[in-house]
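Trainee: What follows is a protein structure lacking sequence information:
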């Protein structure tokens, strides 16, 4: 009977612990148990318990397991973990106790408290790593809250929800024993967000309105793009919706609710201002010295590679206040076009004239000249 008992325990542990060195230790102890009797059971159990705790740190487990939560809190940290994302929930018919598995991403934060009743906290002992997994035991004594801190039930927590957790973390196993768990996703509240450096994984259609699916660190979210959404290239010039394709990296700013962002700005940081249909200044001439009150005329020639008119603008350098727009603006025909500007100065000094040419695609070219004005 003793031999049969050892056989059952050893096989169970071998399947449970997926570490080659540990398996060798267990098999060695198992062999001793078969040949040496009950003494090996004690040695085997001690090795299995300590190694199983190490092996289970930072992995997804199934139903609540006493290896992760030994109820010995003498070596535990009291932590508040913020903005975890639930990746799985294991419970028996939705009842407690249960295990909530949650992972970190760029929004993760944590604090370490002196004890569970203290307001004093210090630096987090955990590395701020993306995709780090925490197994959280939720019991009947855990206080469950909505985002507005009103009472909730365990049924109100679902995969994909954002949570804050306050409780004990076992230093050996990384298991969290939750005293308080708060659901940041419920009730759903619209909030302004800026999401940077995310990949486009899907686009619902070629015309607006449309939905762009974005992904970062394994987390996906839908972005609603409408005719009112400002679409930009990396250089912040206006972009058409056709410039966005699967695989592009984008920044999104908008209003988020229920894991959907209503986009006000989407910027494609993989693509600069259009390289096709560029505009360039080929000639810029005019006086470099003038008398006060004397008219000067400057001529600028530009080449346009796209269809539509060119828009010429200049700032003379003596404007008291610059406003949106330009001090002078002139629209010229397509392709090789020349525009002239005339201006006089009322005070002596050195002034820099800045000329800007813009085509219908939103691409620009800039040139400068300096003029010295004397009495």
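Mentor: Looks like it arrived, so ask away. Remember, it's a predicted structure, so these values are computed and weren't measured experimentally.
Trainee: Now residue 242, what are its backbone angles?
Mentor: phi -70, psi -20 (degrees, to the nearest 10).
Trainee: Next up, the contacts around it.
Mentor: Contacts of residue 242 were listed using CB atoms under 8 Å, 6 or more residues apart in numbering, and they are residue 206. Any C-beta I mention is one placed from the backbone N, CA and C, and that applies to glycine too.
Trainee: do you know how far it is from residue 371?
Mentor: Distance, residue 242 to residue 371, using CB to CB, to the nearest Å: 43 Å.
Trainee: Residue 338 too?
Mentor: 19 Å.
Trainee: Then residue 347?
Mentor: Remark: distance between residue 347 and residue 371 (CB to CB) = 12 Å.
Trainee: Quick check: neighbours shared by these two?
Mentor: Contact criterion CB under 8 Å, 6+ apart; residues shared by residue 347 and residue 371: none found.
Trainee: Let me know how buried residue 217 is, in neighbour terms.
Mentor: By the criterion of other CB atoms under 10 Å, residue 217 has 12 neighbours.
Trainee: Now that it has come up, it's in contact with residue 108, right?
Mentor: No: taking contacts as CB atoms under 8 Å, residue 217 lies outside contact range of residue 108: 10.2 Å.
Trainee: Chain neighbours aside, what residue packs nearest to residue 368?
Mentor: Computed as CB to CB, 6 or more residues apart in numbering, the closest residue to residue 368 that is not its neighbour in sequence is residue 354, at 5.3 Å.
Trainee: can you tell me the helix or strand for that neighbour?
Mentor: strand 349-358 (DSSP states H and E).
Trainee: per-domain residue ranges of this structure.
Mentor: Here the domain assignment for the chain is 2-56, 76-183, 191-268, 279-374, based on automatic domain parsing.
Trainee: where's the last one relative to the chain centroid, distance-wise?
Mentor: What it means is domain 279-374. 42 Å (CA atoms, centre = their mean, to the nearest Å).
Trainee: which sections of the stretch 1-150 of the chain are below the confidence cut-off?
Mentor: When residues are selected by pLDDT under 70, those of the stretch 1-150 of the chain lie in 1-68, 128, 130.
Trainee: Helices of that one, residue ranges please.
Mentor: For the stretch 1-150 of the chain, applying DSSP state H, counting those that start in this stretch gives helices covering 2-16, 20-36, 39-56.
Trainee: how deep is the residue nearest to residue 368 tucked in, by neighbour count?
Mentor: Neighbours around residue 354, by other CB under 10 Å: 15.
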